[in-house]
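**Student:** just a sequence and a predicted model for now, questions to come.
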Amino acid sequence: MSPNFLMKTPSRIAAIIFCVLANVAILTPASAQVPEIEIANDKDWQHDWTPMVFPAQIDSFQRQSISQFEERDTNIASQYYDEESKTILSIYIYRPGNPNSAIWFDRALMSIGARDIYGDVDLEEIKVGSFVPNGGTVESGQYAVIKPSGRFRSTAVSLYQAGEWLVKLRISSRELSVGPMETLLKSINGALPALENISRTPAYFVKLCETPMSTKSAAEIEADSGMSVALGLSFVTGNETEVQDQLADPNGAPNGQSPRQYCRVGEREPSFNVYRPDETANQYYVATGDSGFGVMVAPDPLLGLLTGDEAKVHRITVSTSSGLITQILGVFDAIPNLDQTIQAVNNGRVIATINRTLGDEGQSISVSSGTSTAESDASSESESSDD
């Protein structure tokens, strides 16, 4: 498979976006109604799970709304507006299945480049940089400032990781030029509350993968109930160990290794992109949209141990941008190719469902042979509401 594979197969892009997990839609149409949190215009709103606060006013910006993409507040966006400079500010906090900030910053850039309201945007000719988020010790945050050709004079995005959470800012202005926009972006980031577990991995920007993905097919393994439970336990143990290792290590990587860096397979595509950690040949991540929904293909350490070959047995897992549910969709005797992964997603068969914890909740695993019950992934930018 060549690095430009995704550019040449629009039907596959449509497949993973519109035929997903039976009753689940990865992307909700822009017209879908997203609930808003009811709060007085002069009252600040405190996020339940982090120290993040959405104040009634940020300097000259007045809060317009707080959108609740998930009822347990794991995917929140607040929009502000400054009348004098005709500037829109949106602040997002959400908990994706894979909180790697480099991946979702790359997808955020693609989202800007794909929107008509910004006109022609050359994503290779923009100003990018890094910054130290409040509560952090290294420049783990990323930002970009762009001069669009559409109805806005400038637009900007920033993103950083705080443990399992991502914080994203989006600003677009009809009046501010690129220089003042960059100053504004840094000022607002500096005014945000200091969150816990700010990433200690220095920011990096995703590059193109230099080696192609394999197109070889793998054989699917039929999972009985015992294997389904083992898959769930393996995911919970492996995922929580990796998170704790990342939080404990000053470089943000387990066992003192250098932090893993993802590369992108092919050019940026509006619908989805495939990412690989450290150019590895035995796993990849499919990131759809820009709000945290993804499909991970990786070895399963427990099943590999049971079968005597840890490198071969692979699982396909799906996580929504609420970060509440992870579902295992398939098990293979080697790494499945992209076609097989898309087919597993489209089939809608769920082997095991893992409910991720919030706060002091306990972990639960359910085994199922039915279709997905995961919630829809509704988060999307809403800047076009201001004409």
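**Tutor:** Cool, got the structure. Since we're looking at a predicted model, the values are computed, not measured.
**Student:** where does the chain dip in pLDDT?
**Tutor:** Under the criterion pLDDT under 70, the flagged ranges of the chain are 1-32, 223-258, 302-311, 321, 323, 360-387.
**Student:** how about the residue nearest to the spatial centre of it, phi and psi?
**Tutor:** The residue lying closest to the centre of the chain (Cα atoms, centre = their mean) is Gly292, at 2.7 Å. Dihedral angles of Gly292 (phi, psi; degrees, to the nearest 10) stand at phi 110, psi 0.
**Student:** contacting residues for Val157?
**Tutor:** Residues in contact with Val157 (Cβ atoms under 8 Å, 6 or more residues apart in numbering) are 105, 108-109, 112, 143-144, 168-171. Yep, even glycine has a C-beta here, placed from its N, CA and C like the rest.
**Student:** ranges for the strands of the stretch 1-150 of the chain?
**Tutor:** Secondary structure of the stretch 1-150 of the chain (DSSP state E, counting those that start in this stretch): strands at 45-46, 53-54, 57-58, 61-68, 75-82, 87-94, 127-131, 141-146.
**Student:** distance to Phe332 for the ones you listed - can I get that in a markdown table?
**Tutor:** Shown next, in a markdown table, are the strands of the stretch 1-150 of the chain (distance: least, Cβ to Cβ, whole Å):
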| stretch | distance to Phe332 |
| --- | --- |
| strand 45-46 | 44 |
| strand 53-54 | 43 |
| strand 57-58 | 48 |
| strand 61-68 | 37 |
| strand 75-82 | 30 |
| strand 87-94 | 30 |
| strand 127-131 | 37 |
| strand 141-146 | 34 |
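**Student:** mean neighbour count and distance to Ile37 added to those strands, as JSON lines?
**Tutor:** Converted to JSON lines, the strands of the stretch 1-150 of the chain look like this (neighbours: other Cβ atoms under 10 Å; distance: least, Cβ to Cβ, whole Å):
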{"stretch": "strand 45-46", "mean neighbour count": "14", "distance to Ile37": "6"}
{"stretch": "strand 53-54", "mean neighbour count": "18", "distance to Ile37": "9"}
{"stretch": "strand 57-58", "mean neighbour count": "15", "distance to Ile37": "16"}
{"stretch": "strand 61-68", "mean neighbour count": "19", "distance to Ile37": "4"}
{"stretch": "strand 75-82", "mean neighbour count": "22", "distance to Ile37": "8"}
{"stretch": "strand 87-94", "mean neighbour count": "24", "distance to Ile37": "13"}
{"stretch": "strand 127-131", "mean neighbour count": "16", "distance to Ile37": "28"}
{"stretch": "strand 141-146", "mean neighbour count": "23", "distance to Ile37": "26"}
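**Student:** the closest residue to Asn134 other than its chain neighbours: what's it in contact with?
**Tutor:** Distances taken as Cβ to Cβ, 6 or more residues apart in numbering place Ala194 nearest to Asn134, at 4.2 Å, with adjacent residues excluded. Contacts for Ala194 were tallied using Cβ under 8 Å, 6+ apart; they are 51, 134-135.
**Student:** tell me the SS of Ala194?
**Tutor:** Applying DSSP: H, G, I helix; E, B strand; the rest coil to Ala194 yields a three-state assignment of coil.
**Student:** for Ser140, see how far away it is.
**Tutor:** In this structure, Ala194 and Ser140 are 13 Å apart, going by Cβ to Cβ, to the nearest Å.
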